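Asks: Prediction below, plus the sequence it came from.
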Amino acid sequence: MSDKNINDRISAYKAAFASGEIQQTHQRLVGIVQRLRTEFSKIYQGEFSVASVMHGYIDFTYFYLQNDYLKNHKLKFAVVFNHQQAHFELWLLGRTKEVQAHYWEKLKDAPWVDSEAMPEYSIFEVTILANPDFDNMMGLTESVQHAFDALSQEIVNTLKAHESWS
């Protein structure tokens, strides 16, 4: 971050909002995540509970998925749209920072975990769709779903293989 104070940044901030492009694009992207959440709710009915879409300031839009296994271990998945990178990620989250730190320690040798540093908000964050085609909702949904299926199953299998971690 630069050394400028907030007053020095206001003109650039106002200019960025002046055209309305940021607001319109952000609103459309949030709508895409909401449609993705609706599709996941249908696809995973009976397998996962799918929470409402949440907004993390301007940087993340996401929804949680949880099943009994994850809930019993104080964990949940989040399908996250990272606005800065304009891509989709899968996060594994713990109910508390302590739970997250516990599982990060146990999982840090897994290929999808950064063994050098635990992310600020999760146990790990993995890109599941790097270049979404926002104009093809069906293809986007299928791509995110297939990546979620494969990775979530691998994660749960890894967790189950180490039940003594809890």
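Replies: Now that the structure is in, tell me what you want to look at. Keep in mind the model is a prediction, meaning the values are calculated, not measured.
Asks: low-scoring stretches of this structure, by residue?
Replies: Scanning the chain for pLDDT under 70 picks out 1-2, 164-166.
Asks: Tell me the helix or strand right after the strand or helix carrying residue 69.
Replies: Element membership of residue 69, judged by DSSP states H and E, is helix 68-72. Counting by DSSP H and E, the next helix or strand C-terminal to helix 68-72 is strand 75-82.
Asks: and the next element down the chain from that following strand?
Replies: Beyond strand 75-82 toward the C-terminal end (DSSP H and E), the next one is strand 87-94.
Asks: For the helix or strand harbouring residue 150, name the packing helices and strands.
Replies: Using DSSP H and E, residue 150 falls within helix 137-161. Secondary structure elements in contact with helix 137-161, counted by 3 or more CB pairs under 8 Å, 6 or more residues apart in numbering; DSSP states H and E, are helix 21-43, helix 68-72, strand 75-82, strand 87-94, strand 124-129. For glycine as for every other residue, the C-beta is placed from the backbone atoms N, C-alpha and C.
Asks: From the contact counts, what lies against the fourth one?
Replies: Spelled out, it's strand 87-94. strand 75-82, helix 97-107, strand 124-129, helix 137-161.
Asks: coming back round to it: mind listing what's buried in the helix holding residue 69?
Replies: Neighbour counts using 16 or more other CB atoms under 10 Å place residue 70 of helix 68-72 among the buried residues.
Asks: next one: it to chain centre, how far?
Replies: Centre-to-centre, helix 68-72 and its host chain are 18 Å apart (CA atoms, centre = their mean, to the nearest Å).
Asks: How about residues contacting it?
Replies: 76, 77, 156, 159, 160 (CB atoms under 8 Å, 6 or more residues apart in numbering).
Asks: what are the C-alpha coordinates of it, in CSV please?
Replies: The C-alpha atoms that make up helix 68-72 are tabulated as CSV, following Å, rounded to 0.1, in the frame of the first residue of the first chain:
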residue,chain,number,x,y,z
ASP,A,68,-22.4,-33.8,8.8
TYR,A,69,-18.8,-35.0,8.6
LEU,A,70,-17.5,-31.4,8.2
LYS,A,71,-19.9,-30.1,10.8
ASN,A,72,-18.8,-32.7,13.4
